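Participant: Next one to model:
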Amino acid sequence: MGEVLSQNEIDSLLKALSSGELDVEEIKDKDEKKVKDYDFARPAKFSKEHLRTLEIIFEHYGRLLSTNLPVYLRKSVQVDVMSSQAVIYSEFSNALSNPVLLGIVNFGPLKGNIIIEIAENLGYTIVDRMLGGMGVPLDKAREFSEIELLILERIYNVCVSLLEEPWANVCEVMPRLERIETNSQFAQIISPTEMTALVTLNIKIGDVEGLINICLPYLTLENVMDKLNTKYWYSSLQEKDEQIYTDTIEALISKAPMPLKAVLGNSVITVNDFLGLQMGDIIRLDKKVDEELNVYVGNIKKFTALPGASGDNYAVRITTVVREEQ
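Facilitator: Numbers count the residues shown, from 1 in each chain. So this is what the prediction gives:
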């Protein structure tokens, strides 16, 4: 219960207010909570943390594009993440040019589709490079032909398949290109008022520079929103068992071919004798029949062995292992 003022204290307070000695703002409750504005037309479904995590995902995706696309385009490719923002779908669709390249991607097992928009100048450059040209975009934009769309579909499939790895820490997705649209009116995958996350990549193919926009609806990401934060991201990276990597590396190394040779002996002859060698000639070596041979792995002496046979094949039997300290 608050303190009760006496009549004298009330009179002094009123006198101070009327004379201007005390400001009303100074005696306001400092613990008063401020009211925040909420825009119902644009609900804040994506936090800054969500958008930052999406940037991390697509930075990884950009690196994959930079290393994989040059194989098909035979040009250097540089990809950078420019921005990530939350917009309603109508803002994204209204900003599209005509003609436009929109890849409708099924983002299973997550529900719904995402859109990958490639700038038209990049589309013309890709077609030109795939057909053996210098990779110069057209001076005047025009509609893409059916043949050009088939060529672009191959590159789209490469870009879509590369989405699996960056999203592995969030969810095991199996993206699949459903179709390519050149008119934004036929790409209404969600309601115009639905919120989306828009990630913009800047891509440079040779000397041609353009943008790639990835539109990710909230409805598609809703089930994994709790995983789109940097704390979960880095904790999931640390939780990975290092033994898995060790076993994988050992399995790969165990399958690597290694040159192995057993040296029967050495001999020194003149060049004239070497030029005169014929089938049936005998070369005397510096090793005896019952003496151990040196066995090399690559150029490193690793074993000693005795010569022999295994069936119809020549063979050696390992007798000792040469350690590094020896």
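
Participant: on contacts alone, who are the packing partners of the longest helix along the chain?
Facilitator: Longest helix of the chain, by residue count under DSSP state H: helix 48-73. Judged by 3 or more C-beta pairs under 8 Å, 6 or more residues apart in numbering; DSSP states H and E, helix 48-73 is in contact with strand 77-88, helix 120-130, helix 146-161, strand 195-205, helix 230-238. For glycine as for every other residue, the C-beta is placed from the backbone atoms N, C-alpha and C.

Participant: 7 Å instead, please
Facilitator: Judged by 3 or more C-beta pairs under 7 Å, 6 or more residues apart in numbering; DSSP states H and E, helix 48-73 is in contact with strand 77-88, helix 146-161, strand 195-205, helix 230-238.

Participant: Using PDB, write out every CA atom in the helix or strand just after the first one.
Facilitator: Which is strand 77-88. Sequence order places helix 89-94 as the next helix or strand after strand 77-88, per DSSP states H and E. The C-alpha coordinates for helix 89-94 follow below in PDB (Å, rounded to 0.1, in the frame of the first residue of the first chain):
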ATOM      1  CA  TYR A  89       4.500 -12.300 -50.700                       C
ATOM      2  CA  SER A  90       2.700  -9.500 -52.700                       C
ATOM      3  CA  GLU A  91       5.700  -7.200 -52.200                       C
ATOM      4  CA  PHE A  92       8.000  -9.900 -53.700                       C
ATOM      5  CA  SER A  93       5.700 -10.700 -56.600                       C
ATOM      6  CA  ASN A  94       5.000  -7.100 -57.500                       C
END
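
Participant: packing partners for helix 89-94?
Facilitator: strand 195-205.

Participant: next helix or strand past the strand it packs on?
Facilitator: Assignment by DSSP H and E places the next element after strand 195-205 at strand 208-217.

Participant: now the angle from that next one to strand 195-205?
Facilitator: Strand 208-217 and strand 195-205 are oriented at 160 degrees to each other (axes from the mean of the first three to the mean of the last three C-alpha atoms, to 10 degrees).

Participant: Paired strands for strand 208-217, with orientation please.
Facilitator: strand 113-118 (antiparallel), strand 195-205 (antiparallel) (DSSP bridges).

Participant: so how far is the first one from its chain's centroid?
Facilitator: Taking C-alpha atoms, centre = their mean, to the nearest Å, one finds the center of strand 113-118 at 17 Å from the center of the full chain.

Participant: doesn't Ala262 make contact with Leu293?
Facilitator: Yes - checked against C-beta atoms under 7 Å, the pair Leu293 and Ala262 is within contact range at 5.1 Å.

Participant: Common neighbours of the two, please.
Facilitator: Common contacts of Leu293 and Ala262, defined by C-beta atoms under 7 Å, 6 or more residues apart in numbering, comprise 305, 316.

Participant: Return the member of the helices and strands packed on helix 48-73 having the minimum mean pLDDT.
Facilitator: Mean pLDDT across the helices and strands packed on helix 48-73 is lowest at helix 230-238; the value there is a mean of 59.

Participant: Quick check: which ranges of the stretch 201-326 of the chain have low pLDDT?
Facilitator: 230-245, 324-326 (pLDDT under 70).

Participant: now the helices for it?
Facilitator: 218-221, 230-238, 242-254, 271-275 (DSSP state H, counting those that start in this stretch).

Participant: hmm, back to that, could you point out which of the strands paired with strand 208-217 sits nearest Leu17?
Facilitator: strand 195-205 (48.6 Å; C-beta to C-beta).

Participant: Now tell me what touches the closest one from outside.
Facilitator: 43, 45-46, 51, 54-55, 58, 62, 73, 75, 77-89, 92, 122, 125, 135, 209-218.

Participant: can you rerun that using 6 Å?
Facilitator: 45-46, 54, 58, 62, 75, 77-89, 92, 125, 211-218 (C-beta atoms under 6 Å, 6 or more residues apart in numbering).

Participant: Same question for stretch 313-326.
Facilitator: 262, 292, 301-309.

Participant: Now do the same contact list for the nearest residue to Leu177 once chain neighbours are set aside.
Facilitator: In this structure, Leu177 finds its nearest non-sequential neighbour in Val160, 4.8 Å apart by C-beta to C-beta, 6 or more residues apart in numbering. Going by C-beta under 6 Å, 6+ apart, Val160 touches 105, 175, 177.

Participant: the domain parsing of the chain - what is it?
Facilitator: Listed domain ranges for the chain are 48-244, 260-321 (source: automatic domain parsing).

Participant: The last one spans what distance, first to last residue?
Facilitator: In this case it means domain 260-321. 14 Å (C-alpha to C-alpha, to the nearest Å).

Participant: rewinding a little: list the buried residues in the longest helix of the chain.
Facilitator: 50-51, 53-54, 56-58, 60-62, 64-66, 69, 73 (16 or more other C-beta atoms under 10 Å).
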